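1. Have a look; sequence and predicted model below, questions after that.
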Amino acid sequence: MHPREVNEAFFRLPTLDLAQRLLGKELTLNGVGGYIVEVEAYIGPHDRAAHSYGGRRTPRTEVMFGPPGRAYVYVIHGHHCLNVVSGEEGAPEAILVRALEPTRGIKQMIERRGRTDHLTDGPGKLCQALGITRQHNGWDLLTSPLRISDGMTVETVAVGTRIGIDYAGEARDYPWRFWIDGNPHVSRPRRALRTFRLG
DNA sequence: ACTTTGATGGCCT
DNA sequence: GGCCATCAAAGTT
């Protein structure tokens, strides 16, 4: 049994705690999906890499200012990315889901991806595999067809810096990327800054 | 109305 | 490691 079950209180955990606890949980859309194996925390308004940096509030970032536990979906370079809104209501924080270990509906994922490998080892890839688009922005991840539920037990968490934010000044060095140590579905394997046991 | 940007992916060497 | 297609969103005029 996972140490913490997914419920309303789960999504109210502080963002960095929630990010670690999301590892091993199962993400599905209409029953298709897998275990979360890699995430990154974005903690606006002081995080220069966050879309909500400086308190920027636009139609795109609006959902992050709402209650935690909802989906924030955006498009970058023509690819969709899924975040879990986190933090207190009014605090624009979110956790990017970067990779899954496929568990359910693999046949459908293969059809959507047009290949049999690398189905969900990246934030854009997993959205394509599950069929996640901007229409799912704001959906409740506890009760909607796009949901996060109890998954598998995680032994060791690896910590590193976030991917693709070299423009973000000192924020590029924040250790806010978390993945399941040794998992083969991680998007960009790198050596961890450190590892720890999830208590 | 126009220009710049970027939390990517796929393929290359 | 690098290159670049790609396009919605945001910023600028």
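-> Thanks, I have the structure now.
2. give the contact list for the residue nearest the centre of chain A.
-> The residue lying closest to the centre of chain A (C-alpha atoms, centre = their mean) is A:Val97, at 1.9 Å. By C-beta atoms under 8 Å, 6 or more residues apart in numbering, the residues touching A:Val97 are A:Leu22, A:Leu27, A:Ile36, A:Glu38, A:Val39, A:Leu82, A:Asn83, A:Val84, A:Pro123, A:Leu126. In short, each C-beta sits where N, CA and C put it, glycine included.
3. what would these look like in CSV with distance to DNA strand B, pLDDT and neighbour count?
-> Listed next are the contacts of A:Val97 as CSV, based on distance: C-beta to the nearest atom of the strand, whole Å; pLDDT from 0 to 100; neighbours: other C-beta atoms under 10 Å:
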residue, distance to DNA strand B, pLDDT, neighbour count
A:Leu22, 13, 98, 26
A:Leu27, 14, 99, 25
A:Ile36, 14, 98, 31
A:Glu38, 11, 98, 30
A:Val39, 10, 98, 25
A:Leu82, 8, 99, 27
A:Asn83, 5, 98, 24
A:Val84, 10, 99, 26
A:Pro123, 5, 98, 24
A:Leu126, 7, 99, 29
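4. Among those residues, which lie within strands?
-> A:Leu27, A:Ile36, A:Glu38, A:Val39, A:Leu82, A:Asn83, A:Val84 (DSSP state E).
5. Help me confirm that the fourth one comes into contact with A:Phe178.
-> So the one you mean is A:Val39. Yes. Contact criterion C-beta atoms under 8 Å: A:Val39 and A:Phe178 qualify, at 5.5 Å.
6. Now the common contact residues for those two.
-> Counting by C-beta under 8 Å, 6+ apart, the residues touching both A:Val39 and A:Phe178 are A:Ala19, A:Leu23.
7. coming back round to it: how much space is there between the residue nearest to the centre of chain A and DNA strand B?
-> To DNA strand B, A:Val97 is 9 Å away according to C-beta to the nearest atom of the strand, to the nearest Å.
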